[in-house]
Structures are given as C-alpha cells and as structure tokens.
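*Asks:* The sequence isn't on hand, but the structure is:
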C-alpha cells in the first residue's frame, strides 16, 4: 500500500494476500475513514474481496476502483516505473536472486533513500475528482 507521502507498506504475496493484507490493515485501527484505491486487477476484483466488503465498510474502510486502463492514476504503477527504469541497474538483471534482492532493498529504503514527488499527481487528481 502506497500513500502519496512516500509511505509504503508491503505485505508478502501469498494466496489471498489481498484479503489478508486489507484485513490486517483495517485491524490496525484508524482515526478517520479510509479509502483504499485499487486497479482492476483480477486479484482485486475476486470473490474473496467482495465477500469482505461489508465487514471492511463496517470498520470504515472503503474500496475505490480506478477506471480501466488508467495506470497514470495509479501511484503504485508510478513506483514500479521508477524502480524499473531509474533505480534498478543492468547488473541487477544478471540473475533472479540479484534482481529480487535489489527490489527488496529499494522497497525497504523507499521513503528515505528513494522518493517520488507525487505533488503533480495529487493536484491533477484532486481537480479531476472535484470537478465531477
């Protein structure tokens, strides 16, 4: 989960990890209602997720699905683009273990050593959503 202030929370990817991750997140308790923005990936739109919607909404956590084919609105896609094209080096692609280690190191240092300025994205999206 990525906030626009460069706070990244990472959960391991296992079977049903979306449901487990969102359930864990909502159980942390939040002072205000929370909206989680998701793309239309099949793992986000599966029956396991739909089965939990009512429970999450009772705990003031809501899901908002981005329009189809809108990676420009998805901050996590921007993060992956930065990882792939700016922060990974050619040497990281020499083996799977090296690539995996480099990605985990970047993720671990995200917010401190690695940062993205989302200011432009925030202002554009606020204007678009508020103008509806």
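*Replies:* The structure has been received and is ready for your questions. Keep in mind the model is a prediction, meaning the values are calculated, not measured.

*Asks:* can you pull the buried residues of stretch 99-117?
*Replies:* Using 16 or more other C-beta atoms under 10 Å as the test for burial, stretch 99-117 gives 102-103, 106, 110, 114, 116. All C-beta spots, glycine's among them, are computed from the backbone N, C-alpha and C.

*Asks:* Then stretch 2-21?
*Replies:* Buried, per 16+ other C-beta under 10 Å, within stretch 2-21: 2, 6, 8, 18-19, 21.

*Asks:* nearest to residue 66, of the residues you listed?
*Replies:* residue 2 (13.3 Å; C-beta to C-beta).

*Asks:* What separation is there between the closest one and residue 22?
*Replies:* Applying C-beta to C-beta, to the nearest Å, the value for residue 2 to residue 22 is 14 Å.

*Asks:* one step back: state the pair within the buried residues of stretch 2-21 that is farthest apart.
*Replies:* So, those by C-beta to C-beta: farthest apart are 6 and 19, at 25.8 Å.

*Asks:* Tell me where the chain has helices.
*Replies:* Counting by DSSP state H, the chain has helices at residues 17-27, 47-58, 75-82, 96-109, 119-130.

*Asks:* roughly how far apart are residue 9 and residue 80?
*Replies:* In terms of C-beta to C-beta, residue 9 sits 16 Å off from residue 80.

*Asks:* next one: residue 22
*Replies:* 20 Å.

*Asks:* Looking at these two, which is more packed in?
*Replies:* Ranked by neighbour count (other C-beta atoms under 10 Å), residue 22 and residue 80 place residue 22 first, with 22 against 13.

*Asks:* residues touching that one, list them.
*Replies:* Counting by C-beta atoms under 8 Å, 6 or more residues apart in numbering, residue 22 makes contact with 36, 49, 52, 56, 61.
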